[in-house]
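J.: 3D, please:
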Amino acid sequence: KTNYSEVSEGNVLLPEGNYEVIFKYVGESATANNFPCVDITMHVRNDVEQKYKNKPIFDNLYLVKEPSAADKECGGFSFKRIQSISKASGIPNGKEYANIGEWCSEFANRCVQVVIKHEINNKGVVKAKVKFYNETRFPINNHVWKNPDEEEGYITGEEAVVLTPAVAAKAVVDEDPFND
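T.: Take a look at the predicted model:
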């Protein structure tokens, strides 16, 4: 008897739409050219009825080229984007952080809804990009990590992040060095 319920969707382009996700990793990092960034890894939740369960979704925050005073208060990262992600994640309004690394530590196993849109990069390749973060419609989290060790393996802050040569080669000096 065949049973495809646990078959992965493979390396396919995530269709545009809304996805309920859980944060796996949020932490400070740097591009191959040593420009600071915040790496965000989420997984499509498997406790919500939706396609592409457990598929990873990646996003990044980069330093703003011409930061406003509010951006500077966020270490040079986009104030608006940080506030949007924080609000969607249920972080209490008014909570203060000493630095961006402390902010990153807030996301362990928090759930949000993301809006994925397709964009064509400068090489003509269509990529799935996170356009918006919204509050989850399913606040009770019963997601089960595919690998039981992953639940305890949540990494934040200054832990090492390995950039693959393919990703590192795409880094350029601008707001979004991984916009490929």
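J.: in this protein, which spans are helices?
T.: Here the chain has its helices, by DSSP state H, at 69-73, 79-89, 100-104, 148-152, 165-169.
J.: burial count for Lys117?
T.: Neighbour count for Lys117, taken as other Cβ atoms under 10 Å: 12. In short, each C-beta sits where N, CA and C put it, glycine included.
J.: Go through stretch 73-88 and flag the buried ones.
T.: Buried residues in stretch 73-88, counted by 16 or more other Cβ atoms under 10 Å: Cys74, Gly75, Gly76, Phe77, Ser78, Phe79, Arg81, Ile82, Ile85, Ser86, Ala88.
J.: Find me the pLDDT at the most centrally placed residue in the chain, would you?
T.: Using Cα atoms, centre = their mean, the residue of the chain that lies closest to the mean C-alpha position is Ile40, 3.0 Å off. pLDDT recorded at Ile40 is 96.
J.: okay but it is in contact with Tyr62, surely?
T.: No. Taking contacts as Cβ atoms under 8 Å, Ile40 lies outside contact range of Tyr62: 11.5 Å.
J.: Least reliable of the helices of the chain by average pLDDT, please.
T.: The weakest mean pLDDT among these belongs to helix 165-169, with a mean of 38.
J.: what packs against the strand of greatest length in the chain?
T.: The residue-count maximum for a strand in the chain (DSSP state E) belongs to strand 17-30. Applying 3 or more Cβ pairs under 8 Å, 6 or more residues apart in numbering; DSSP states H and E, one finds that strand 17-30 contacts strand 36-44, strand 56-62, helix 100-104, strand 111-120, strand 155-157.
J.: could you redo the last one with a cut-off of 7 Å?
T.: In terms of contacts (3 or more Cβ pairs under 7 Å, 6 or more residues apart in numbering; DSSP states H and E), strand 17-30 is packed against strand 36-44, helix 100-104, strand 111-120, strand 155-157.
J.: partners of it in the sheet?
T.: strand 36-44 (antiparallel), strand 111-120 (antiparallel), strand 155-157 (parallel) (DSSP bridges).
J.: ranking the ones you listed by burial, who's on top?
T.: strand 36-44 (a mean of 21; mean count of other Cβ atoms under 10 Å).
J.: Which residues outside that strand are in contact with it?
T.: Strand 36-44 is touched from outside by 19, 21-31, 50, 52-63, 77, 100, 104, 114, 161, with contacts defined as Cβ atoms under 7 Å, 6 or more residues apart in numbering.
J.: Buried among these? Need that as a selection in PyMOL.
T.: Selecting only the buried members of the contacts of strand 36-44 in PyMOL, with burial defined as 16+ other Cβ under 10 Å, works like this:
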select buried, resi 19+21+22+23+24+25+26+27+28+29+31+52+53+54+55+57+59+60+61+62+63+77+100+104+114
